[in-house]
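>>> here's my sequence, what's the structure:
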Amino acid sequence: MPIDKIFLASLVAIFAGIDRTAMWQFMLSRPIVAAPLTGVLLGDPEAGLLVGMLVELLWLGRLPVGAAIPPDDTQVAVAAVALTAILGPLQGYEGPALAILATIVMLPLGKVGQLFDRVARHGNGRLLTKAEEAVAEGRVDQIEGFHLRGLGNFALAALATFVVLFVSGTVLMTWLGPLVFPLIDQSITWWIVAFPCIGAGAIIGTINVTRKATLFTASFATVFLTLWLL
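Numbering: from 1, shown residues only. This is a model prediction of the structure:
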């Protein structure tokens with residue numbers, strides 16, 4: 001197992017996880033950015049682009065805004081690319097089918113990120129109480145330390161999520177790979193078409209319009225007409 005690639009993926013997971021809500025918010029946390037970045041660093045930019053596109057479409061309508069804690073699409077994307085770039089060559093798999101398999105395996109595990117995010121937020125709630133007490137007692141010099149500890153809680157939550165997803169994904173892909181990979185590889189064209197359609201349906205489902213069914217049907221027909229013309 002190449003430790004250097006795992007280390008690089010972990011760094012992306014941490015910085016992208018911090019960008020999600022705690023700091024910066026340069027949109028590095030979006031799968032369409034985090035996944036290609038991971039792919040470039042791990043030497044598999046094609047997998048990064050494919051995973052980023054698939055995951056971004058599926059969860060574009062669920063953002064970590066305010067108190068909302070959606071599934072951690074950031075770590076799902078980073079871990080899926082890491083599995084593709086690291087585990088694939090070790091097991092003899094390659095190509096788009098591998099990236100799709102890794103994405104499918106990672107998607108249900110996005111809920112793990114919700115758990116660690118809640119733990120980090122509860123920890124920061126306690127830090128806020130301590131910071132208020134410090135201000136009341138005149139210990140203003142400690143405020144910066146509380147801020148950094150709060151940032152550290154989110155960084156640890158992001159790293160813990162990535163580690164759980166990567167380890168779980170390694171076990172699942174080792175078990176499922178020989179059974180599922182050939183099936184996905186044989187029907188790769190349909191998978192590449194199906195994911196964007198499902199993602200488009202998920203996005204339309206979040207749009208507050210009166211004729212979502214008509215809009216979805218028209219979009220679906222347009223996609224298949226375009227494919228037929230090509």
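>>> report the longest helix in this protein, please.
If you go by DSSP state H, the chain has its longest helix at helix 143-186.
>>> what is it packed up against?
Contacting helix 143-186 under the criterion 3 or more Cβ pairs under 8 Å, 6 or more residues apart in numbering; DSSP states H and E are the following elements: helix 3-21, helix 73-82, helix 88-91, helix 96-106, helix 110-136. No exception for glycine: its C-beta is placed from N, CA and C like everyone else's.
>>> check the ones you listed for me: which has the lowest mean pLDDT.
With a mean of 74, helix 88-91 has the lowest mean pLDDT of the helices and strands packed on helix 143-186.
>>> what's that one packed up against?
Partner elements for helix 88-91 (3+ Cβ pairs under 8 Å, 6+ apart): helix 143-186.
>>> related to what we said a few turns ago, average pLDDT across the longest helix of the chain?
Mean pLDDT, helix 143-186: 84.
>>> what's the answer for stretch 51-66, then?
Confidence for stretch 51-66, expressed as mean pLDDT, is 76.
>>> quick one on the thing from earlier: out of the helices and strands packed on helix 143-186, deepest packed?
Most buried of the helices and strands packed on helix 143-186 by mean neighbour count (mean count of other Cβ atoms under 10 Å) is helix 73-82; its value is a mean of 33.
>>> can I get the CA coordinates of that helix in CSV?
C-alpha atoms of helix 73-82 as CSV (Å, rounded to 0.1, in the frame of the first residue of the first chain):
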residue,chain,number,x,y,z
ASP,A,73,-20.0,14.4,-0.3
THR,A,74,-16.5,15.9,0.1
GLN,A,75,-15.0,12.9,1.8
VAL,A,76,-17.0,10.5,-0.4
ALA,A,77,-15.4,12.1,-3.5
VAL,A,78,-11.9,12.2,-2.1
ALA,A,79,-12.1,8.6,-0.8
ALA,A,80,-13.5,7.3,-4.0
VAL,A,81,-10.7,8.8,-6.0
ALA,A,82,-8.1,7.5,-3.5
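>>> still on that earlier bit, want to throw the helices and strands packed on helix 143-186 into TSV with distance to Val40?
What follows is the helices and strands packed on helix 143-186, written out as TSV (distance: least, Cβ to Cβ, whole Å):
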stretch	distance to Val40
helix 3-21	10
helix 73-82	10
helix 88-91	16
helix 96-106	14
helix 110-136	23
